[in-house]
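>>> have a look at this prediction, sequence included:
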Amino acid sequence: MIEYKKLSNGFEYIEIKNSLAYAKIALQGAHIFHYEQNSKEPILWLSETSDFEIGKSIRGGVPICWPWFGLNKDDSLPQHGFARTSIWGVANTDERSADITLITLKLEYSKESLKLWPYKFELELHVSISDRLTMELKTTNIDEKSFEITQALHTYFSVSDILHVAIRGLDKKPYLDALTFKKEIQSGDITFNQEVDRVYQEVSDEVLLKDKNRILHVENEGSCSVVVWNPWIAKCKRMSAMRDDAYKSMLCIESANAFEDERVIKSNESLTLKATIY
Ligand code: BG6
């Protein structure tokens, strides 16, 4: 089942149900803000105080950071780019079987986007909803000149208790600590007892999120960088659309092309960043 919904403020989203999963995708930002496998706890975290307002990114789910990740050199431009607050179109829906629903959303350059970023592009998000959530973000350069992008599928995961989770698969990987701007090397699993904001590099294998009662898998393609983030106590209080104690029940593992993993896309060429979560 695919249903189109609209909130009273005009905010539109699609609800998808099949025999294995249930998901919701906002047209603003092609933002998946709910995903659960049947009769299991939701995999994605969504802030209880999130805004569903046009022009404001939803706090939770999978924001799409594009065409830049993080701050822009020009600080008048929005953090994490403009794709997450742009209105995308639905290019295709396909109820492939009782178990699999495919949705493609599309964003194209416009007069407004050219003011923020002077390139002609086509951006597609191919989503597959089943017992796995698969997201493929395809950037096509339809300009005459090359462009550079950094990007992320900024996935917020729901966790039982931040003190009792571990991220496995990044041992010995170099990372940029965004809090100190120093380059470090990971030793062992990542656990949390303070703010963590890191861009891991040279990541080629899957990343595991070990929680009390489940292990989630994050498989990435077209990407060598993974961002791990939890705001902890002080930053959580400062964050928009987040309750003061929200840091206890979420963390982000972001499938990215960020920092040294910036990509150049030549005219008429495409690049796909893919993440599979289960
Ligand atoms: C993460 C960054 O990717 O996104 C953090 O590493 C940032 O530094 C976080 O705080 C949330 O960003 P925003 O723009 O959604 O508040």
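Happy to help now that I have it. Note that the coordinates shown come from a computational prediction; the quantities given were computed from them, not determined experimentally. Numbers count the residues shown, from 1 in each chain.
>>> contacts, neighbours, all on C-alpha from now
Fine.
>>> how about the residues of the stretch 1-150 of the chain that lie near the ligand?
By Cα under 6 Å from any ligand atom, the part of the stretch 1-150 of the chain that sits against the ligand consists of Gln79.
>>> got the residue ranges for the helices in the stretch 151-278 of the chain?
All helices of the stretch 151-278 of the chain, identified by DSSP state H, counting those that start in this stretch, fall at 232-238.
>>> apologies, that question was intended for the stretch 1-150 of the chain.
So, for the stretch 1-150 of the chain - with DSSP H, counting those that start in this stretch - the helices run 111-116.
>>> what sits against whichever residue of it sits closest to the ligand?
The ligand sits closest to Gln79 of the stretch 1-150 of the chain, with a gap of 5.3 Å, by Cα to the nearest ligand atom. Listed by Cα atoms under 8 Å, 6 or more residues apart in numbering, the contact partners of Gln79 are 69-72.
>>> residues near the residue of the stretch 101-250 of the chain found nearest the ligand, how many?
As assessed by Cα to the nearest ligand atom, the ligand sits closest to Asp197 within the stretch 101-250 of the chain, at 5.2 Å. Per other Cα atoms under 10 Å, the neighbour tally for Asp197 reads 18.
>>> for it, which non-adjacent residue is closest in space?
Nearest-residue entry for Asp197: Trp229, 4.5 Å, with adjacent residues in sequence omitted and distances by Cα to Cα, 6 or more residues apart in numbering.
>>> got a list of what the one you found touches?
195-198, 251-253.
>>> same check on Ser270?
138-141.
>>> I'd like those residues as CSV, with pLDDT and neighbour count appended.
Shown next, in CSV, are the contacts of Ser270 (pLDDT from 0 to 100; neighbours: other Cα atoms under 10 Å):
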residue, pLDDT, neighbour count
Lys138, 99, 17
Thr139, 99, 21
Thr140, 99, 20
Asn141, 98, 22
